[in-house]
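Engineer: The following block contains a protein sequence and its predicted model.
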Amino acid sequence: MNDATQRRPVRIRRRWPAGRDILALELVAEDGGPLPATAAGAHIDLHLPNGLVRQYSIMDPCSAPQSYRIGVLRESDSRGGSAYIVDELGEDDCLDIDGPRNHFTLDEAGSRYVLVAGGIGITPLVAMARRLVELGRTVELHYLVRDRERAAFLDELEAILPEGTLHLHVEAESGRPDPAALVGPPEADRQLYACGPGGLLDAIRDATADWATGCVHYEKFSNDAPGQAEATETCEIELHRSGTRFTLQPGETLLDALRRNDVDMPSACCEGVCGTCAVEVVEGDVDHRDALQDDEEKASNEVMYVCVSRPLGARLVLDL
């Protein structure tokens with residue numbers, strides 16, 4: 001994990017339409033200096049002037065970037081984040097960012113890659129496609145959109161990818177593709193990276209059930225699991241490094257309990273998708289409700305995301 005948690009001010013140098021309801025933004029450091037290095041799959045947290053925090057993938061991996069480029073879909077049911085960015089923010093406006101963080105890390109050791117994007121899920125895969133071509137890897141990309149006007153960054157992808165390796169699937173023209181046909185059979189030297197809405201990722205998960213562990217990777221922009229998990233019974237919480245002990249009360253989330261006990265616990269999404277509130281588990285069982293870890297990682301019980309997950313049992317020790 002390549003996390004840089006220091007908040008820094010940036011300025012919107014450019015903004016332009018990238019597709020129907022999709023806006024591209026180029027962000028530069030307010031002081032004109034370089035930004036932290038970023039790898040394919042990484043995202044930043046945008047701290048908006050209206051008080052909201054939202055996560056967006058960085059589209060250009062670089063060891064010494066002078067700018068970050070992101071794509072923002074104006075959601076029809078926006079909770080105030082994407083609508084504010086698209087409707088209110090203009091060129092030269094300033095805001096703060098955290099990161100980059102990377103919970104969708106590209107394993108560069110493979111030889112063949114399948115990338116599958118649904119809608120705005122294309123943004124991290126633009127970075128991956130660029131990096132894989134740079135490394136000389138064999139890559140194919142399947143890009144699923146409802147209609148052609150929503151196929152953002154298509155010209156860029158056509159320029160990046162070798163001829164015949166970019167496959168655009170337009171639902172309005174040819175219906176929904178079969179996920180199993182998209183991903184193909186499991187092969188030892190192929191890896192799959194998918195990003196998009198939950199329904200697409202669930203279908204791909206089913207289609208890759210017989211793929212080897214570690215060959216299939218997902219990133220969700222939202223969490224389909226139940227929201228913030230409140231405690232159903234009291235639980236003793238111990239913070240291993242500080243020695244602090246307190247009781248998590250029924251009806252209270254672990255994030256709220258930590259803050260009630262003066263722990264400066266960072267959080268952003270409160271949905272278990274951004275990774276800001278990750279804490280290592282020293283002892284105790286956890287009801288993991290995040291959308292970041294796969295089943296094997298949750299079973300290992302090494303990390304929990306305190307905004308949505310909760311303890312199972314009477315005692316939980318955290319590495320804080």
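Structural biologist: Looks like it arrived, so ask away.
Engineer: C-alpha from now on. contacts and neighbour counts both.
Structural biologist: Fine.
Engineer: Touching stretch 203-215 from outside, list them.
Structural biologist: 179-180, 183, 186-188, 190-192, 216 (Cα atoms under 8 Å, 6 or more residues apart in numbering).
Engineer: which of those count as buried?
Structural biologist: When neighbours are counted using 16 or more other Cα atoms under 10 Å, the contacts of stretch 203-215 contain these buried positions: 179, 183, 186, 190-192, 216.
Engineer: confidence score at Ser78?
Structural biologist: Ser78 is assigned a predicted lDDT (pLDDT) of 68.
Engineer: Would you mind listing the two of the buried ones among the contacts of stretch 203-215 that lie farthest apart?
Structural biologist: Taking Cα to Cα as the measure, the buried ones among the contacts of stretch 203-215 reach their widest spread between Pro179 and Arg190, a distance of 16.0 Å.
Engineer: which phi and psi does Ala152 have?
Structural biologist: According to degrees, to the nearest 10, the main-chain angles of Ala152 amount to phi -70, psi 150.
Engineer: Identify the residues contacting it.
Structural biologist: 18-20, 22, 120, 122.
Engineer: for Ser111, same thing?
Structural biologist: By Cα under 8 Å, 6+ apart, Ser111 lies in contact with 137-138, 189-190.
Engineer: how far away is Arg130 from Asp294?
Structural biologist: Here the criterion is Cα to Cα, to the nearest Å. By it, Arg130 lies 26 Å from Asp294.
Engineer: Among those two, which residue is more densely surrounded?
Structural biologist: Remark: of Arg130 and Asp294, Arg130 carries more neighbours, 19 against 11, as counted by other Cα atoms under 10 Å.
Engineer: how about the helices in the stretch 1-150 of the chain?
Structural biologist: Secondary structure of the stretch 1-150 of the chain (DSSP state H, counting those that start in this stretch): helices at 82-88, 122-135.
Engineer: Identify the bridge partners of Gly118.
Structural biologist: Leu144 (DSSP bridges).
Engineer: That one: how many residues sit nearby?
Structural biologist: For Gly118, the count of nearby residues is 22 (other Cα under 10 Å).
Engineer: pLDDT wise, what is it at?
Structural biologist: In the prediction, the pLDDT value recorded for Gly118 is 96.
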